[in-house]
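Engineer: the amino acid sequence is not available; the structure is as follows:
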Ligand code: SF4
């Protein structure tokens, strides 16, 4: 696509820096300190789960833990807790591995409406997300320190699923948990270097939306979900 | 609106701020809350100083090579289907955005909080071409309904109490519930959801743009930036040119510094990284994407002793520790950018002429410099501003003597933080006594009224103040 006014703009910038224009060969220096690597380093996967669980309390997020066989029951109980009638979920390839097809079928049999994100439906996906009570996705990378699920939004996992319904459930395979943002950005950086295009939207989500804009009182639930549950699955 | 807010003189603005009891208490408590959150984070990490050092190194390297990184950024955005417009001035930026709006025949534009769009006066430019602009950040929406300018860069409506918010909602939107913050927010959610669904264009700012991939990253808690980048088919991101970072690895550090220094959170609820247009098969996100990169005076700061002012990541930590801000509030700065960073940046971007008092809105206690997560020597830069104003420009402002005396009295010692409001008022005597002001050198040069900006700040601030006088304390 087009780039407008770049030459004059950058030449002016360069003139102010009193040196010739740099168009290539700039390398990042070796930084003198790397404090980010020390955070939660050396913790086992189970210890990271504990860190995540503790942080969920800080970010007003319900924490649950189960294994693959128990997942359907925990999901069902969570959806019921939200009095969810309409569910929108990603059509993630992992759905099959985690037995979610059977689960979605069974709650449909119970009379709930389930919509799996489908590129063929175009804007129809968003319309369902807007009226859905619950959105469900997997986490792609989970950050223990900040209680964050990282979502690579794509044609299977629309942006609206984790955003528009009042309630959001993130399924977190234990193996996706890393200490902090550092490991996630490193992974994205390395994929990018290797020539893999980064997702059109990477969403780092830490609990429900909130605001302190009225008298500095924390209000949980503004534009995004009001209630959030994380389900860690031992895998 | 441009970088300059309203047409009240500095003295008037300070006076209004200082006399406004509710606002000062609200500001003080906001400052305290943000500060202790930041302190907790620093304690938890233990090596906060290393984080700051790294932040400073990253910002220094990036600004020294900003031509390279902006070129890379724009190449990558373009590769991912986005248009990139480099705007030397506010006018160029607004012209381009107007052009996109007209081309799309857009009726409604939904915005998430962005300071650079305020700096360039984008909302007015959009209204000129007939577009309805809706602010979607809760605080900004309240202010927009009330035609009041923001007073804090992280908590823009900090000077309003919940009764006032309720009144505004009732008057402007037919709200009929209580002044409970949850109810107010839930009402705003419903109202704004409809705005998002019917918007033709979404406009966001940009906290950091990643050069290596072209990703524009937005750091928010409410989710409005996600809505603005998910629902409308056309999206425009507007960024100050200094907002670039080399790779995702540096994004990590700067986002971590920002959320910790700003609100004391490990991360905000949402950090959203958008790259170009939606890909094949995707059904949400924009199909038409524009990135507008704004200079508007920034390049003049490059290569000068003030270059590091461009390292600012807009976290407001300096504002939260500032004893002067605490007493006068955000509106007194008369700029989109308040507090210590506003006092440094505003004269650089907009010239000394209209802002020559700002470098004096500081006690030079150095708390700002110490708080800054990227180690900008803010108070030293304020001193340099003063030297330049006094020695080179020979424009000694009348506030100089008064300001120095007044601010020194209550701003320079740690005890000032604890000063009761009553004491603070007497310490502010030089500002509140009419004769003192009248005895100063000749009046300030009248504001050159640019465009048809109706100076809402002054009017609503005053009428609100009067109301409060009548109604007593809340
Ligand atoms: S100057 Fe430093 S402390 Fe102030 S807003 Fe900018 S980054 Fe934050």
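Structural biologist: Structure received. Keep in mind the model is a prediction, meaning the values are calculated, not measured.
Engineer: and the gap between the residue in chain B sticking out farthest from the centre and chain A?
Structural biologist: Most distant from the centre of chain B: residue B:281, at 37.2 Å, with distances by CA atoms, centre = their mean. Noted for residue B:281: a distance of 3 Å to chain A, by CB to the nearest CB, to the nearest Å. To be clear about C-beta, it is placed using only N, CA and C from the backbone, and glycine gets the same treatment.
Engineer: quick check: chain neighbours aside, which residue is closest to the residue in chain A positioned nearest to chain B?
Structural biologist: Chain A approaches chain B most closely through residue A:224 (2.9 Å), counting by CB to the nearest CB. Distances taken as CB to CB, 6 or more residues apart in numbering or on different chains place residue B:223 nearest to residue A:224, at 2.9 Å, with adjacent residues excluded.
Engineer: please, which helix or strand holds residue B:184?
Structural biologist: Assessed by DSSP states H and E, residue B:184 sits inside helix B:181-198.
Engineer: you'd agree residue B:98 is up against residue B:126?
Structural biologist: Yes: with contact defined as CB atoms under 8 Å, residue B:98 counts as touching residue B:126 (6.9 Å).
Engineer: still on that earlier bit, so how far is the helix holding residue B:184 off the chain centroid?
Structural biologist: 23 Å (CA atoms, centre = their mean, to the nearest Å).
Engineer: with stretch A:14-32 instead?
Structural biologist: Distance, stretch centre to chain centre, for stretch A:14-32: 34 Å (CA atoms, centre = their mean).
Engineer: so which residues make contact with it?
Structural biologist: For stretch A:14-32, the external contacting residues (CB atoms under 8 Å, 6 or more residues apart in numbering or on different chains) are A:10-11, B:53-54, B:57-58, B:61, B:64-69, B:71, B:246-247, B:250, B:299-300, B:302-303.
Engineer: just the buried subset of those, please.
Structural biologist: Neighbour-count burial (16 or more other CB atoms under 10 Å in any protein chain shown) applied to those gives A:10, B:53-54, B:57-58, B:61, B:64-69, B:71, B:246-247, B:250, B:299, B:302-303.
Engineer: follow-up on the earlier one: can you tell me which residues contact the residue nearest to residue A:224?
Structural biologist: By CB under 8 Å, 6+ apart, the residues touching residue B:223 are A:163, A:209, A:222, A:223, A:224, A:225, B:269, B:270.
Engineer: who wins on neighbours among those?
Structural biologist: In terms of neighbours by other CB atoms under 10 Å in any protein chain shown, those top out with residue B:269 at 31 neighbours.
Engineer: and it, what does it touch?
Structural biologist: Counted by CB under 8 Å, 6+ apart, residue B:269 has contacts A:59, A:205, A:206, A:207, A:208, A:209, A:210, A:224, B:220, B:221, B:222, B:223.
Engineer: could you turn the buried ones of those into a ChimeraX selection?
Structural biologist: Buried members of those, defined by 16+ other CB under 10 Å, are picked up in ChimeraX with:
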select /A:59,205,206,207,208,209,210,224 /B:220,221,222,223
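Engineer: now, the contacts of residue B:269 that are in helices?
Structural biologist: In helices, defined here by DSSP state H, there are no members of these.
Engineer: what's the domain layout of chain B?
Structural biologist: Here the domain parsing of chain B from automatic domain parsing is B:48-300, B:417-470.
Engineer: which of those is buried the deepest?
Structural biologist: Greatest average neighbour count among the domains of chain B goes to domain B:48-300 (a mean of 22), per mean count of other CB atoms under 10 Å in any protein chain shown.
Engineer: what's the mean pLDDT across that one?
Structural biologist: Averaging pLDDT along domain B:48-300 gives 93.
Engineer: before we move on, the earlier item: for residue A:96, find the nearest of the domains of chain B.
Structural biologist: Closest to residue A:96 of the domains of chain B, according to CB to CB: domain B:48-300, at 19.2 Å.
Engineer: quick one: the closest one to chain centroid distance?
Structural biologist: Distance, stretch centre to chain centre, for domain B:48-300: 12 Å (CA atoms, centre = their mean).
Engineer: now swap in stretch B:42-60 and tell me
Structural biologist: How far stretch B:42-60 lies from its chain's middle: 23 Å, per CA atoms, centre = their mean.
Engineer: who touches it?
Structural biologist: Identification of contacts with stretch B:42-60 by CB under 8 Å, 6+ apart yields A:29, A:31-36, A:38-39, B:41, B:245-246, B:250, B:253-254, B:256-257, B:260, B:308, B:311, B:313, B:372-375.
Engineer: just checking, which of these belong to strands?
Structural biologist: Secondary structure defined by DSSP state E assigns residue B:245 of the contacts of stretch B:42-60 to strands.
Engineer: same for the ligand: which of the contacts of stretch B:42-60 are within range?
Structural biologist: B:313, B:372, B:373, B:374 (CB under 6 Å from any ligand atom).
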